[in-house]
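**Q** next one to model:
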Amino acid sequence: MATFDEMWKDCLEPKDLQKGVPTLKCIPVVFSEIIRAALVFAGITALIFIIWAGFNMINSGGDPKKVQGAKGIMTYAIIGLTIVLLSFSILYFIGYVTGSTKCITSFSNFDIFKDPEKLKKICQ
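**A** The predicted structure is shown next:
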């Protein structure tokens, strides 16, 4: 897998990280970074809410309303994380059914954008 600098260098004209101007080849790089950041953000957020719910449950002192509130927070954190992960699973499942799984998963391999013919072969 290409490093961060290699990914960006390949989509700039001229191929210089300091002076290069982004081209349309940068769109998959940007989307990949946004998706990666969104997954990390969703995971960290869910973890924080689960820890917070556990802390609230421990400190509830047996109060049924506080316990119920903590259970609700934990439930919604787990449901949210499940929805995020299922959305990516559904995307890959659709790709598998339609036969475009190689095309979908190849967007993480930025070497294919150097050769448009190779991308066409993969996505057909």
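**Q** which parts of this structure are strands?
**A** 12-13, 21-22 (DSSP state E).
**Q** check the average confidence over the first one, would you?
**A** Spelled out, that is strand 12-13. Strand 12-13 comes out with an average pLDDT of 73.
**Q** likewise the last one?
**A** The average of the pLDDT scores along strand 21-22 is 75.
**Q** likewise for stretch 79-86?
**A** Stretch 79-86 shows a mean pLDDT of 90.
**Q** and for stretch 51-58?
**A** For stretch 51-58, the mean pLDDT works out to 95.
**Q** what of stretch 28-48?
**A** Rounded mean pLDDT across stretch 28-48 is 83.
**Q** can you give me the distance of residue 28 to residue 51?
**A** In this structure, residue 28 lies at 35 Å from residue 51, with Cβ to Cβ, to the nearest Å as the measure. For glycine as for every other residue, the C-beta is placed from the backbone atoms N, C-alpha and C.
**Q** higher neighbour count, these two?
**A** The residue with more neighbours, out of residue 28 and residue 51, is residue 28; 18 against 12, by other Cβ atoms under 10 Å.
**Q** neighbouring contacts of stretch 75-82?
**A** The contact list for stretch 75-82 (Cβ atoms under 8 Å, 6 or more residues apart in numbering) reads 42-43, 45-46, 49-50, 53.
**Q** which of those fall within helices?
**A** 42-43, 45-46, 49-50, 53 (DSSP state H).
**Q** ok, the residue lying closest to residue 59 once chain neighbours are set aside - contacts?
**A** Excluding the flanking residues, the one nearest residue 59 by Cβ to Cβ, 6 or more residues apart in numbering is residue 66, at 7.8 Å. Listed by Cβ under 8 Å, 6+ apart, the contact partners of residue 66 are 56-57, 59-60.
**Q** still on that earlier bit, will you turn the strands of the chain into JSON lines that also has distance to residue 83?
**A** Below are the strands of the chain laid out as JSON lines (distance: least, Cβ to Cβ, whole Å):
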{"stretch": "strand 12-13", "distance to residue 83": "36"}
{"stretch": "strand 21-22", "distance to residue 83": "32"}
